[in-house]
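Coordinates only, no sequence provided:
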Ligand SMILES: O=P(O)(O)OC[C@H]1O[C@H](OP(=O)(O)OP(=O)(O)O)[C@H](O)[C@@H]1O
Ligand SMILES: O=c1cc[nH]c(=O)[nH]1
Ligand SMILES: [Mg+2]
């Protein structure tokens, strides 16, 4: 299923706090970290697992082993994804990390994206690649980041993790990479003339890092 909304009530509560214009940058950043952790745990639920036996200090127990947790690459798109990924890695402590430093330039009627720096670990068909960015607005930034992923390798699974997405951003990604799984906490209906998500939460990077 290409788009998954994390409707967990605590995720919705945290999003509400992020949307509130009176939430300061420290609480905004902490809210993104907590959302990253929740989304990460939701993602882990989609990994295959097998039953195993384990020796405890006092006997034997049947448990589970999750398959593929050591084959995860998390790519963060600076700046706003940094706190989100800080939470995500709690669910994937062994993840290899990639980075894309990008800045969106809102021009009249279109959005351009500059990528200043991009560094990816190895990426192979056995990997799940998670590309994280709180805002999936026009999808221009996410598309550039996904291009960087495929320049490096072709993952078995490509997951986009966002906090607020739009129908435009979602279709921008899925039209080019139809097998992508998109996780988001909300889908907001529209973009204003500056390509900001409405109602959205404002500029995520500026709010997280106090401009
Ligand atoms: O889907 P798009 O239309 O490309 O917009 C989404 C991007 O816009 C913002 O980045 P910005 O360039 O403001 O950088 P920042 O995160 O450092 O604020 C946001 O952090 C996303 O990366
Ligand atoms: O609403 C938006 C759209 C793009 N980037 C943001 O940070 N916020
Ligand atoms: Mg910004």
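Arrived safely. Keep in mind the model is a prediction, meaning the values are calculated, not measured. Residues are numbered from 1 along each chain as shown. Ligands and ions are numbered 1, 2, ... in the order given.

Can you pull the phi/psi pair for the closest residue to ligand 3 within the chain?
Closest contact between the chain and ligand 3, by Cβ to the ion, is at residue 205 (3.4 Å). Every C-beta, even on glycine, is put in place using the N, C-alpha and C of the backbone. Here is the backbone geometry of residue 205 (degrees, to the nearest 10): phi -60, psi -50.

Isn't it up against residue 80?
Yes - between residue 205 and residue 80 there is a contact under Cβ atoms under 8 Å: 4.1 Å.

More neighbours: which of these two?
Between residue 205 and residue 80, counting by other Cβ atoms under 10 Å, residue 80 is the more crowded of the two (24 against 20).

Close to ligand 1: what parts of this structure are there?
Within the chain, the positions near ligand 1 by Cβ under 6 Å from any ligand atom are 77, 79-80, 103-104, 111, 113, 133, 135-142, 169, 195, 203-206.

Please repeat the previous calculation with a cut-off of 8 Å.
For the chain, the residues in contact with ligand 1 (Cβ under 8 Å from any ligand atom) are 77-81, 102-105, 111, 113, 133-144, 166, 169, 172, 191, 195, 203-206, 208-209.

Contacting ligand 2 as well, which ones from those residues?
Answer for those near ligand 2 (Cβ under 8 Å from any ligand atom): 80, 104, 134-135, 137-138, 141, 191, 195, 203-206.

Which residues does the top strand by length along the chain contact?
Ordering each strand of the chain by length in residues (DSSP state E) puts strand 96-107 first. Strand 96-107 is contacted by residues 72-78, 85, 89, 111-122, 129, 140-141, 144-145, 148-149, 152, 194-196 when judged by Cβ atoms under 8 Å, 6 or more residues apart in numbering.

Flag every buried residue along it.
By 16 or more other Cβ atoms under 10 Å, the buried positions in strand 96-107 come out as 96, 98-100, 102, 104.

And stretch 38-58, by the same measure?
38-40, 42-43.

What of stretch 175-189?
Neighbour-count burial for stretch 175-189 flags 177, 180-188 (criterion: 16+ other Cβ under 10 Å).

Compute the first-to-last residue distance for that stretch.
For stretch 175-189, the separation between the terminal residues is 18 Å (Cα to Cα, to the nearest Å).

can you list contacts of it?
Contacts of stretch 175-189 (Cβ under 8 Å, 6+ apart): 1-6, 11-12, 14-15, 35, 39, 42-43, 136, 143, 146, 157-167, 170, 173-174, 197-200.
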